[in-house]
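1. fold the following.
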Amino acid sequence: MKCLLALALLTGFHMAQAQTTVFSTDFDSGMAAPLNPGTATLTGVQGFSGLGSVGNTFGGQFLRSATGNVVTLTLNDLPTHTQISVDFLLAAIDSLDGTGTFPSGDFLKITLDGATIFRESFANALPSQIQSYVPAAGVELARHVDLGFGGPGSYYTDSAYHLGADPALHHLAHTGAVATFTFQIEGEGIQSLDDESWAMDNLRVSVSAVPEPEVVWLTGAGLLALWAHRSRQNRQNRLLA
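-> Numbering: from 1, shown residues only. Model prediction:
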């Protein structure tokens with residue numbers, strides 16, 4: 001009986017967590033149609049190559065953007081859902097200035113349908129700079145490492161993150177048939193592409209539907225009915241033996 005109840009709960013949990021991928025690109029086959037890159041361009045990943053986990057690493061080319069530029073992803077005709085998640089690898093390139101006092105900082109801002117879902121500063125240059133972003137477990141792939149792109153000065157290094165491992169970007173409440181994400185590093189300290197930039201790779205969006213409580217209850221009730229039926233059969237078989 002307890003095993004069946006546990007199975008019912010696990011079944012309901014699985015139903016709540018099942019995800020459907022609605023968009024995915026590694027940028028190696030060109031620019032996907034739902035993306036408006038602004039001034040961002042497809043660029044070889046240089047020293048970022050291989051950073052990540054099995055099946056999800058930087059490779060080939062990624063979408064590299066100057067700070068201040070907005071990359072927009074618009075998805076239409078989404079299936080029925082109650083939650084949406086976004087996953088990507090972030091390359092923080094050259095002299096991003098963190099929270100800063102002057103320049104006044106470089107903040108990665110991500111919005112969903114106009115609402116900010118993530119805004120944190122990233123710092124690559126001087127060790128004294130303040131980075132507001134504190135990576136969750138499994139997010140940071142490299143920090144203050146020269147991964148290419150040759151910023152103007154030997155102390156300008158790079159960092160890499162798997163932002164999809166950050167719970168802040170998962171299971172966001174959303175029900176509309178259209179979803180629009182924007183990605184931008186903004187702040188008064190933004191500079192030109194040859195001084196600082198950022199890039200994304202392996203961009204993926206998924207949706208999930210959380211069943212109504214009565215659906216989970218009916219699932220559990222069905223399993224209990226099956227258990228009761230099998231119990232009756234077992235008793236009858238024992239009586240006939």
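
2. what about the helices in the protein?
-> 2-17, 213-240 (DSSP state H).

3. go through those helices and find the least confident stretch.
-> Here those differ in mean pLDDT, and the lowest is helix 2-17 at a mean of 47.

4. centre-most residue in this protein?
-> Asp87 (2.0 Å; C-alpha atoms, centre = their mean).

5. show me what it bridges to in the sheet.
-> Beta-bridge partners recorded for Asp87 (DSSP bridges): Arg204.

6. now the chain, which segments are flagged as low pLDDT?
-> Applying pLDDT under 70 to the chain picks out residues 1-17, 101-103, 151-155, 211-241.

7. what is Thr111 paired to in the beta sheet?
-> Under DSSP bridges, the beta-bridge partners of Thr111 are Thr116, Thr182.

8. cool, the one 10 residues further on as well?
-> Beta bridges link Ser121 to Phe107 when assigned by DSSP bridges.

9. just Thr43 next, same as before
-> Beta-bridge pairing for Thr43 (DSSP bridges): Phe62.

10. correct me, but it touches Asp201?
-> No - between Thr43 and Asp201 there is no contact under C-beta atoms under 8 Å: 10.4 Å. For glycine as for every other residue, the C-beta is placed from the backbone atoms N, C-alpha and C.

11. higher neighbour count, the two?
-> A direct count of neighbours by other C-beta atoms under 10 Å for Thr43 and Asp201 places Asp201 higher, at 27 against 18.

12. for Gln184, which non-adjacent residue is closest in space?
-> Val70 (4.6 Å; C-beta to C-beta, 6 or more residues apart in numbering).

13. and the gap between that neighbour and Thr111?
-> Shown here: Val70 relative to Thr111, a distance of 9 Å by C-beta to C-beta, to the nearest Å.

14. and what of Ser132?
-> Between Ser132 and Thr111 the distance is 17 Å, computed by C-beta to C-beta.

15. look at these two and report which has more neighbours.
-> Thr111 (17 against 14).

16. so the more buried one versus Leu169, what's the distance?
-> Taken as C-beta to C-beta, the span from Thr111 to Leu169 is 12 Å.

17. what does Leu203 give?
-> Leu203 is 11 Å from Leu169, where distance means C-beta to C-beta.

18. got it, and Leu126?
-> Taken as C-beta to C-beta, the span from Leu126 to Leu169 is 28 Å.
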